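Asker: sequence first, then the predicted structure, then my questions.
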Amino acid sequence: MTITAADYTYRYGEGAPAVDGVSLTVADGEFLVLAGPNGSGKTTLVRGFNGLLTPDAGDISVNGRPVADDLVAARTAVGMVFQDPRDGFVAATVGADVAFGPENLGLDRAEIDRRVDDALDAVRMQGRETDRIDELSGGERERVAIAGALAMAPDHLVLDEPFTGLDLRARESVLDRLAALDADGVSVVVVTHDLRDLTSLADRVVVLSDGSVALDAADPSPAALRELGVRPP
Ligand SMILES: Nc1ncnc2c1ncn2[C@@H]1O[C@H](COP(=O)(O)OP(=O)(O)OP(=O)(O)O)[C@@H](O)[C@H]1O
């Protein structure tokens, strides 16, 4: 159960690649923090993990299989939560949105309900099933997006700046859940500028700079992080 990028390169236009020859393996059950300054290529890298972007060069495999060979398998195995989830919702209400993924997996109703309850509980949105998504705050939407990914029970969960709109309690609750998932063997990749509380959870911190891996360490020094434009925790 791994995600492997081998010499992954992606460019949006004619200019320099946004990601330039990155080789990186997210091991089974690993908790990886991906950091780096604005524009360093973090989002471009993780979007390759489930085929939202197709490499211009190199390969990305999920659980040993090239992503391009089976997009459905890659998207089932890799749960993604994006920075601005506004466009990612498929239903009008919280419960229907979180249930959508599990319904598409063909699970029975009891299992779907169990997953929706559990996922909403994890993001402190229990009992909010009938709330309309367009009437939620930004932070509540972010939490519903996280719940939607949790309810899929993916092998790997990738969250791109998941804490931006979250208050302290929601942040702590999501961190607790990520730690529990990791303990259950799910690999977790968190893209963030904010390493607070994360370095103790993380097995490894990878820092991108100009589309390349500039640092890959279990416990990077504050000086090394600062040097690369990342604020130490
Ligand atoms: N849709 C796009 N079209 C053109 N260029 C893009 C697009 N998305 C990203 N880029 C460029 O690719 C580079 C890497 O962007 P990316 O979003 O991957 O970085 P990031 O590290 O996630 O940044 P941030 O911390 O600001 O979210 C940047 O130079 C950015 O301007």
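Answerer: It's in.

Asker: strands of this protein, residue ranges please.
Answerer: In the chain, the segments counted as strands under DSSP state E are 3-10, 19-26, 31-35, 57-62, 65-66, 78-81, 156-160, 187-191, 204-209, 212-217.

Asker: JSON lines for those, including distance to the ligand?
Answerer: C-beta: built from backbone N, CA, C; applies to glycine. Output for the strands of the chain, formatted as JSON lines (distance: least, Cβ to the nearest ligand atom, whole Å):
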{"stretch": "strand 3-10", "distance to the ligand": "8"}
{"stretch": "strand 19-26", "distance to the ligand": "7"}
{"stretch": "strand 31-35", "distance to the ligand": "9"}
{"stretch": "strand 57-62", "distance to the ligand": "15"}
{"stretch": "strand 65-66", "distance to the ligand": "21"}
{"stretch": "strand 78-81", "distance to the ligand": "13"}
{"stretch": "strand 156-160", "distance to the ligand": "7"}
{"stretch": "strand 187-191", "distance to the ligand": "7"}
{"stretch": "strand 204-209", "distance to the ligand": "6"}
{"stretch": "strand 212-217", "distance to the ligand": "12"}
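
Asker: switch those over to JSON lines; also include mean pLDDT.
Answerer: As requested, the strands of the chain are exported to JSON lines (pLDDT from 0 to 100):
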{"stretch": "strand 3-10", "mean pLDDT": "98"}
{"stretch": "strand 19-26", "mean pLDDT": "97"}
{"stretch": "strand 31-35", "mean pLDDT": "96"}
{"stretch": "strand 57-62", "mean pLDDT": "96"}
{"stretch": "strand 65-66", "mean pLDDT": "95"}
{"stretch": "strand 78-81", "mean pLDDT": "93"}
{"stretch": "strand 156-160", "mean pLDDT": "95"}
{"stretch": "strand 187-191", "mean pLDDT": "96"}
{"stretch": "strand 204-209", "mean pLDDT": "96"}
{"stretch": "strand 212-217", "mean pLDDT": "97"}
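
Asker: and these as TSV, adding mean neighbour count?
Answerer: Formatted as TSV, these follow (neighbours: other Cβ atoms under 10 Å):
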stretch	mean neighbour count
strand 3-10	20
strand 19-26	20
strand 31-35	24
strand 57-62	19
strand 65-66	14
strand 78-81	24
strand 156-160	24
strand 187-191	24
strand 204-209	22
strand 212-217	16
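
Asker: quick one: terminal-to-terminal distance for stretch 198-208?
Answerer: 17 Å (Cα to Cα, to the nearest Å).

Asker: so what touches it?
Answerer: 19, 22, 24, 30-36, 40-42, 45, 175, 178-179, 182, 190, 192, 195, 213-220, 225, 228, 230, 233 (Cβ atoms under 8 Å, 6 or more residues apart in numbering).

Asker: now the strands of the chain as JSON lines including distance to Val98?
Answerer: Formatted as JSON lines, the strands of the chain follow (distance: least, Cβ to Cβ, whole Å):
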{"stretch": "strand 3-10", "distance to Val98": "24"}
{"stretch": "strand 19-26", "distance to Val98": "25"}
{"stretch": "strand 31-35", "distance to Val98": "23"}
{"stretch": "strand 57-62", "distance to Val98": "23"}
{"stretch": "strand 65-66", "distance to Val98": "27"}
{"stretch": "strand 78-81", "distance to Val98": "12"}
{"stretch": "strand 156-160", "distance to Val98": "15"}
{"stretch": "strand 187-191", "distance to Val98": "19"}
{"stretch": "strand 204-209", "distance to Val98": "30"}
{"stretch": "strand 212-217", "distance to Val98": "34"}
